[in-house]
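*Asks:* Following is a predicted model, sequence given first.
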Amino acid sequence: MDKKYCDWALKSELEKNYHDEEWGKPVFDDKKFFEMLVLEYMQAGLSWQTILQKREVMQAAFDDFDAEKIEKYDEKKCAELLENPGIIRNRLKIQVLAHNAKIFRKIQREFGSFSKYIWNFTDGKILFGNYEKISDVPAKTELSEKIAKDFKKRGLKFFGPTTVYAFLQSTGIVNDHLVYCHCYQKKQ
């Protein structure tokens, strides 16, 4: 029997692998959360395929998405990154890396971990979409608007409700696999 996939994952093997191995699977590791935050805001205005193609180079360029190292990036490091053709070279997105890392670390200190902070918005529960077609999946929700507002209040940049919703989906806080997808899981 052939596997059925969410419509967005049909363009390449890279997307299929990401879909099967990561997207919608619950994340609890702060390092992974920070990586996904960076990738999601880097993706704004671009295709996810582009991000997946550049991910490995970004991982190397961004010190393995280590927030503690990234919060120390200075103008010299930003200039160096802007010369790297393998990453997303948007000046504003690069300049905000260190800023967002500092805010991320501040959240970790306040809550004990970013994971505790973000899962608190759903009382530790995965939210399941129950969508039959990709056009039914929302771009944002009340939850993503609430979190985006909190992110903004705390100082995180480049996180509107749509980017936050994509982050929630990618980290499995929201499981929006389509009901026919082989990765879809019904609520227990």
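*Replies:* Received it, and whenever you're ready, just let me know what you need.

*Asks:* Please count neighbours and contacts with C-alpha atoms only from this point.
*Replies:* Fine.

*Asks:* Is Gly45 part of a helix or strand, or is it coil?
*Replies:* Of the three states, Gly45 takes coil under DSSP: H, G, I helix; E, B strand; the rest coil.

*Asks:* Any idea how many residues pack against it?
*Replies:* 7 (other CA atoms under 10 Å).

*Asks:* what about it, distance to Thr162?
*Replies:* Here Gly45 is placed at a distance of 11 Å from Thr162 (CA to CA, to the nearest Å).

*Asks:* show me the contacts for Leu143.
*Replies:* Neighbour list for Leu143: Phe121 [criterion: CA atoms under 8 Å, 6 or more residues apart in numbering].

*Asks:* Is it within a helix or a strand, and which one?
*Replies:* If you go by DSSP states H and E, Leu143 is part of helix 142-154.

*Asks:* Name the next helix or strand downstream of that helix, please.
*Replies:* Helix 142-154 is succeeded, C-terminally, by helix 161-170 (DSSP H and E).

*Asks:* how big is the angle separating that following helix from helix 142-154?
*Replies:* 110 degrees (axes from the mean of the first three to the mean of the last three CA atoms, to 10 degrees).

*Asks:* quick one: the residue found closest to Ile126 once you drop the neighbours it is linked to in the chain from Gln185, how far?
*Replies:* Excluding the flanking residues, the one nearest Ile126 by CA to CA, 6 or more residues apart in numbering is Ile173, at 5.0 Å. Going from Ile173 to Gln185 by CA to CA gives 13 Å.

*Asks:* And the two? Which one has more around it.
*Replies:* Taking other CA under 10 Å, Ile173 and Gln185 do not tie; Ile173 has more neighbours (24 against 17).
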